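Asks: Based on what follows, work out the 3D shape:
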Amino acid sequence: MNNKKLQISSDYLHELLSLLETEGHSPLKLIDELNLVIPKVNMIPLSTLERVLEFTKNELKISHIGAKLGMRLGSNKHGILGFAAKASINLLEALELDQKYLTTRIEGASLGVSDQNELTEISLHLSEELSHLKEFIIELVFCSLISFFYELYPNSKLIAVVQCEIIRPNDDLFYQNLTQLDWRFNKPQNVLRVLTSQLTNELPSSDHALKNLLVNQCKQEIKDNSKPETIAERVRTVLSKSLISPPKLNELADYLSINERTLKRRLAEEDTNYRSILTQIRISKSIELLKETQLPIDEIAHRVGYESPNSFKRLFRQWTGSTPGSIRKSL
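Replies: Sure, this is the predicted structure:
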């Protein structure tokens, strides 16, 4: 299943590497062995984290990594959403923020929050693209919520039950020992049930003005993340500004601050390459000029970067199945 388009917070990857270090494994060695590229951005492809998880499970033989990671995640490891939640009036309001903006941390995952008499049900829903990472995401989300409670109320005991789709493991008591909660496995839904009265106490860190400011930033992140900027999109942005004299591959790699070989590999992971992206941009721009101007076809060829009109016409037909002239007549 292809999950390359989904993204997840880079904070989780950095904290995972830190966790592995506490387990006696060198993060630098792992990064080198997996040939990882970790960009300095808020969101990274989920496939990058998945490679680390596979290595952790299969090579390092570390189990329940999502649960261990979740219990390490304080509010400062959840980005803007974490700080907004901490500035909320109470935990119930913080959960309502998680319900709206979890996608700014884990694309493809969402929370539902509902009042059931004296209980509040926090349900976790995962898209089909996350099904193969189900156990990790369930552990990560529920354990991070539990950790968040204890961070804000260090002298309180959380009264709650976790019900989840995770297949009961042989060491099922691990979860209870880690979280001090009862976990029930092999269930059709993923739900954390909490006494509502534990969620309505005012938070000492509550700050209404700060919360509103941070919520606005969460809204902006959703807009920014609605079209995740993959490496192909970054390449496309650069090339679209210089069709006549585009940068060579090595120059482009330097501009994007990555190794040329790595750039080739990452483009290949997205089922494309430098030449295909450049040609696609040129053809798209030429169609736009055919539609919006009466420029001669030879002039259009020059404007999109082809010195030879014949080469342009040949490639145009290969990509569209039609000639520039017939496309112009049909527009």
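Asks: What segments of the stretch 51-200 of the chain are strands?
Replies: 109-116, 119-126, 160-163, 182-184, 191-195 (DSSP state E, counting those that start in this stretch).
Asks: In a markdown table: those strands, plus mean pLDDT.
Replies: Converted to a markdown table, these look like this (pLDDT from 0 to 100):
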| stretch | mean pLDDT |
| --- | --- |
| strand 109-116 | 90 |
| strand 119-126 | 94 |
| strand 160-163 | 96 |
| strand 182-184 | 96 |
| strand 191-195 | 95 |
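Asks: Spatially nearest residue to residue 297 (excluding sequence neighbours)?
Replies: residue 324 (4.8 Å; Cβ to Cβ, 6 or more residues apart in numbering). C-beta here means a position set from N, CA and C on the backbone, and glycine is covered the same way.
Asks: With residue 104 instead?
Replies: Closest to residue 104 by Cβ to Cβ, 6+ apart is residue 221, at 4.4 Å.
Asks: again, but for residue 139
Replies: residue 66 (3.1 Å).
Asks: For residue 168, see how far away residue 205 is.
Replies: To residue 168, residue 205 is 37 Å away according to Cβ to Cβ, to the nearest Å.
Asks: Name the residue in these two with the higher neighbour count.
Replies: Just comparing residue 205 and residue 168: by other Cβ atoms under 10 Å the higher neighbour count belongs to residue 205, 15 against 11.
Asks: Retrieve the pLDDT associated with that one.
Replies: Residue 205 is assigned a predicted lDDT (pLDDT) of 86.
Asks: can you check residue 165 too?
Replies: Taking residue 165 on its own, its pLDDT is 95.
Asks: Might you report the residue contacts of the closest residue to it other than its chain neighbours?
Replies: Closest residue to residue 165 apart from its sequence neighbours, by Cβ to Cβ, 6+ apart: residue 190 at 5.7 Å. When contacts are counted by Cβ atoms under 8 Å, 6 or more residues apart in numbering, residue 190 touches 123, 124, 125, 126, 138, 142, 163, 164, 165.
Asks: Narrow these to those that are buried.
Replies: 123, 124, 126, 138, 142, 163, 164, 165 (16 or more other Cβ atoms under 10 Å).
Asks: and the two most separated of the residues you listed?
Replies: 126 and 163 (14.8 Å; Cβ to Cβ).
Asks: Now do the helices in the stretch 201-331 of the chain.
Replies: 208-225, 231-239, 249-255, 260-269, 274-292, 297-303, 309-320, 324-330 (DSSP state H, counting those that start in this stretch).
Asks: could these go into CSV alongside mean neighbour count and distance to residue 14?
Replies: Formatted as CSV, these follow (neighbours: other Cβ atoms under 10 Å; distance: least, Cβ to Cβ, whole Å):
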stretch, mean neighbour count, distance to residue 14
helix 208-225, 14, 18
helix 231-239, 17, 19
helix 249-255, 15, 24
helix 260-269, 16, 19
helix 274-292, 17, 30
helix 297-303, 18, 44
helix 309-320, 15, 41
helix 324-330, 14, 48
